[in-house]
Each structure stands twice: as structure tokens, then as C-alpha cells.
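Trainee: Coordinates for the following, if possible.
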Amino acid sequence: MLKWIDDLLNRFTMYRLLLYFLLGLLGVAFVFCFFHILPFSPYALLFSTFFITTVCWITNEICAKLWKAPTNIESVYITALMLALLIAPIAASTDTTFFALATWASIWSMASKYIFAIGKKHLFNPAAFAIALTSIAINQSANWWVGTAWMLPFVLVGGLLLVRKIRRFDLVVSFFAVAMVSIVVSGIIRGVPLFRLVSTTLVETPIFFFAFVMLTEPLTTPPTKTLRLIYGAVVGLLFAPWVHVGSFYSTPEIALVLGNIFSYLVSPKAKFVMNLKEQITVADHTSDFLFEPSQELKYRPGQYMEWTLEHERPDRRGNRRYFTLASSPTEKDLRIGVKFYPDGSSFKHALSGMVSTDVIVGAQLAGDFVLPINVTKKLVFIAGGIGVTPFRSMIKYLVDRHEPRDIVLFYSNKTPADIAYRDVFDAAKDELGIKTIYALTDKATVPAGWTGKVGYVDAKMIAEEVPDFADREFFISGPHGMVTAFQKTLKGMGVPASRIKTDFFPGFA
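Mentor: Coordinates of the predicted model:
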């Protein structure tokens, strides 16, 4: 069942999945309004959504031209739909409260991405910032109408799918744990019945929508697991309604904005607008793209970035992708490795056709799939196909720094032509003693004199090549199905889950 769900989720990028989720919630709300289950006119909901989306789109177009910045139309629609789910629909044509709130929230949600940005990277969740600012400036607040009992089942199903897609359960659990403890403790102090307090919080507030949709926005969350846990706890504490300074009480949007500030302080972010420097063929249907960053980028080998490439008629996967940096921090240029397929996405078609004057935007450096700080740890790397890119980054880094480590790399490909970065791995063997075991799965393509392995990497091969595997930490990178299969294999060999690290980032599929 879970495999079927993952296969379905892998058809979409995180952003496209979120866009469809928000559209689905509004569609459900329209039906509920039509049957008078929700207290709004269905046509008022349609008008409100259209109005907010239009103001967001116009504002974004103006800001993009003023700041001469590349735009992502998906993010405009996502923010607009969030606002439509938070701001109560218009009550009448003379509803000046709606027009004031919706207009200013829409304008500020887009403008904040450009005005409140450091290193060309916005600091705040746009929807949360806009609602918080509008509440303070014109004393008009969003009522978060999506947080109702009728909408809850749909928020839960879609939200859980979204969080599974982006693998941010740690963040959500951290937030819920602290938020619920804070709310329960404050309720007990005030004498509120515990059952009523918990049921009201879970069923009649927007806590699930807030956690699944608002809190998990990758662009404003910390890049590593430990920092994400702290971030979730900080926002959870501030989410509790009893938190206040004098007469100024916290709200969900204020909690998130303050959390965004914490996130930036512990993990400064930047956006890099780059031109293509060189495209290099490194294997069959596989190319490396080298970009010269506009400013220095400090990162750890194995981390990833989000890449945005504007192009005409993007398909359902949009114009954003996550790629691991195949380059080492010791190299001047940023390098990504990309595998191309005949029926590839519009993004990859645009990428393969890039020329030196075309612009790509790199942002959101993140990832825990990095070399252990302890240099004495013995490691095993397992890579399938283009999943080898983080290992190219790590091993190139070690070679350039002349830093020996006890590492064995299993590198599986279908044919010899699919092998990439052999020069780096061979240099690591000669200079550092890092062992690479090449395995070919297509027996018909095995050349005469082949000294590597033939067949799939399995428990037997691992045990034969790495007798002390029980003492090692394993790193796995490749297609989702391969990674899942190896996790199962290693656990069957007695390797504890704590010593198995997998390369995953939002939108991996």
C-alpha cells in the first residue's frame, strides 16, 4: 500500500502536489458551501479566490519587473490559494472588510518576497507574514476558516500525503508535541476541561492545516533535522494562545513569522542567480552542468539545492527541481549531474538546451546526507545510477583535502556506459585507498576483461566485500525503490536503522 502511495506521489513535485491539494480543499469547500454545510455562498468563495489570485498575480508581476527577478508562477498560485483558505469569503458586494483584508494581504504576501529578502532569499512565509502585518496595520485578521470539523478529514488526508512526500514528519511531530503540551498545561491552569480543550484544538482550529501546509514550507525552514526539530518546538510553543507580551497575544501567523526569524538566524539562506558555464557528458544520457555562483557558497559535501529554471509551457512537474551538488566545496563551480530520458520532463528539456545567457536560480541549500564529523568512522556508500552524485561530492572533497577515510563504495549501473565519475573514484583509490566496487546488472553488456561485479548488489555481495559491515555506517543514494530495498536488506543483515542514512530531499522523484 505504501509503495503504491509513494509511486503516486513521485509523479508530482512537492510544489505541484501542494498546488493540487489546495485546489482540492477549495473544491471541497465549494461543495460544502453549495449544500450550506459551510456558512458561505459558493459563488462568494469563487469570487474571493479569483480576487485574491488576481491581486497576487498582478503584484508579483510588478515586483518581479521592479527587482528584475525571475519568478515562479506556481508559488504565486500556492500563496494565493492559502490566503483564500484563511480569509473568509466576501459577504456582500459592499463588504469593505473583505476588500481591505484581501487586497492588502495579497499585496504584502507577494511584496514580502522581494522587500524582506536577504541574499535574494525571502525570510518569511508569505501568507503568514501578510496576514500578520495586515492584522497589525489595519486591525483586520484572517479567521482561518479552513480549520473546521467538516474540512478536517480532507486536510488530514492531503496533509499527510504532502508530509510523506517531503519527509518532514519530524518537524510536524516536534511542533505538535510542544504545541499540545503548552495548550493543555495552560488549559489546566485556567480550569478548562481537558477533553473539551483537546477536542476543540484538534477539530475546530486550523492546527493541522498550519502544521502540514504552512509550517513545512521548505524555503523558510532550517536545512538539517536537528534544527528542524528545534524550529518545530519554537513555533509550537508560540502557537499556544496563552503566549503574550502585555496585551499583545500570539496568533498562528505571528508564531510562524517569529519561527521564520529563528530559522534564518540559525541557518542563513541565499539565492544564487547563475548562468551556465559548461555542460559535460559524464555517462550515457547523463550530463554534468557547471555553474559559476554569483557569490561564495559554503556547503557540506552531499547537500542539495532547489533549482528553478523558467521555461515555456512547463509540464505538471513545474519549473523547480531538487538536485544534489555533485561538486565539492573545494571546487569553484557548482556542479549538478542529471540523467536524461526520452520522455523526460519539460524542465530537463529546458536544462539540456541551456546556453550561457540563460539563467538558473539555485536556493535552499539543505540536507543531512553528509560525511560524519568523526573521521574514524568506517563507511559504506551504496549508489544506483545518477544517485552517485553526493558520493562524487564527498569523495572529491576527500581527495582534494588529502583526507583518508575507510570507505567502500558499491556503485551499481545497468551498463558500463552508465558509469559516471570513474576518474574521481579511481583517483580516490590510488591516493586514499577508498575502494569502489562497480556492479553491472545487464549481463549482456559486460565487456571482456571486466574486473567488477556482475548482478545486483545484495546482502551476499556486501558481506563478501565488506566482512566488517556490522561495524560500519551505511549511506544509500538512488531511486526511491532502490533505497527502500537496500534499507530492508541491511536491516535483514542486522544493521540497525540508526546506522543507515538515505539521501532524500523534497521532490526527489
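Trainee: Show me the longest strand that occurs in the chain.
Mentor: If you go by DSSP state E, the chain has its longest strand at strand 272-283.
Trainee: other SSEs contacting that one?
Mentor: Contact partners of strand 272-283 among helices and strands, from 3 or more Cβ pairs under 8 Å, 6 or more residues apart in numbering; DSSP states H and E: strand 286-291, strand 334-339, strand 359-366. Backbone N, C-alpha and C define where each C-beta goes, glycine included.
Trainee: Need those in JSON lines (columns: mean neighbour count and distance to residue 165).
Mentor: Supplementary listing: the helices and strands packed on strand 272-283 in JSON lines, determined by neighbours: other Cβ atoms under 10 Å; distance: least, Cβ to Cβ, whole Å:
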{"stretch": "strand 286-291", "mean neighbour count": "21", "distance to residue 165": "25"}
{"stretch": "strand 334-339", "mean neighbour count": "22", "distance to residue 165": "21"}
{"stretch": "strand 359-366", "mean neighbour count": "21", "distance to residue 165": "16"}
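Trainee: and of these, who's closest to residue 23?
Mentor: Distance to residue 23, taken as Cβ to Cβ, is lowest for strand 359-366 among the helices and strands packed on strand 272-283, at 23.9 Å.
Trainee: And the contacts of the closest one?
Mentor: Applying Cβ atoms under 8 Å, 6 or more residues apart in numbering, the external contacts of strand 359-366 come out as 70, 121, 218-219, 222-224, 269-276, 291, 293, 297, 299, 303-310, 334, 351, 354, 505.
Trainee: Among those, which ones are in strands?
Mentor: Using DSSP E, these in strands are 121, 272-276, 291, 304-308, 334.
Trainee: In this structure, which helix is the longest?
Mentor: helix 42-67 (DSSP state H).
Trainee: Just the buried residues of that helix, please?
Mentor: Of all the residues in helix 42-67, those buried under the rule 16 or more other Cβ atoms under 10 Å are 42, 44-45, 48-49, 51-53, 55-57, 59-60, 63-64.
Trainee: Counting by contacts, list what it packs against.
Mentor: helix 14-34, helix 73-86, helix 96-115.
Trainee: per-domain residue ranges of this structure.
Mentor: Segmentation of the chain into domains, based on automatic domain parsing, reads 2-266, 272-366, 379-502.
Trainee: Tell me, how many residues neighbour the spatially closest residue to residue 61 that is not a sequence neighbour?
Mentor: Among residues not flanking residue 61 along the chain, residue 71 sits closest, at 7.7 Å (Cβ to Cβ, 6 or more residues apart in numbering). A count of neighbours around residue 71, defined by other Cβ atoms under 10 Å, yields 20.
Trainee: if I look at residue 71, how far off is residue 65?
Mentor: 9 Å (Cβ to Cβ, to the nearest Å).
Trainee: Now do stretch 146-159: distance from first to last residue.
Mentor: For stretch 146-159, the first-to-last residue distance is 13 Å (Cα to Cα, to the nearest Å).
Trainee: buried residues in it?
Mentor: So, applying 16+ other Cβ under 10 Å, buried residues of stretch 146-159: 146-148, 151-152, 154-155, 158-159.
Trainee: Which stretches in the stretch 351-500 of the chain count as helices?
Mentor: Remark: helices assigned in the stretch 351-500 of the chain by DSSP state H, counting those that start in this stretch are 389-401, 422-432, 459-465, 480-492.
Trainee: rank the ones you listed by mean pLDDT and give me the bottom one.
Mentor: Looking at the helices of the stretch 351-500 of the chain, the lowest mean pLDDT belongs to helix 480-492 (a mean of 92).
Trainee: That one: how far from the chain's middle?
Mentor: Centre-to-centre, helix 480-492 and its host chain are 22 Å apart (Cα atoms, centre = their mean, to the nearest Å).
Trainee: now stretch 58-75
Mentor: 22 Å.
Trainee: avg pLDDT for it?
Mentor: For stretch 58-75, the per-residue pLDDT averages 88.
Trainee: end-to-end on it?
Mentor: Start-to-end, stretch 58-75 (Cα to Cα) is 13 Å.
Trainee: Show me what that stretch is in contact with.
Mentor: Here stretch 58-75 has contacts from 15-16, 19, 76, 106-107, 110-111, 113-114, 120, 273, 308, 310, 318-320, 359, 361, using Cβ under 8 Å, 6+ apart.
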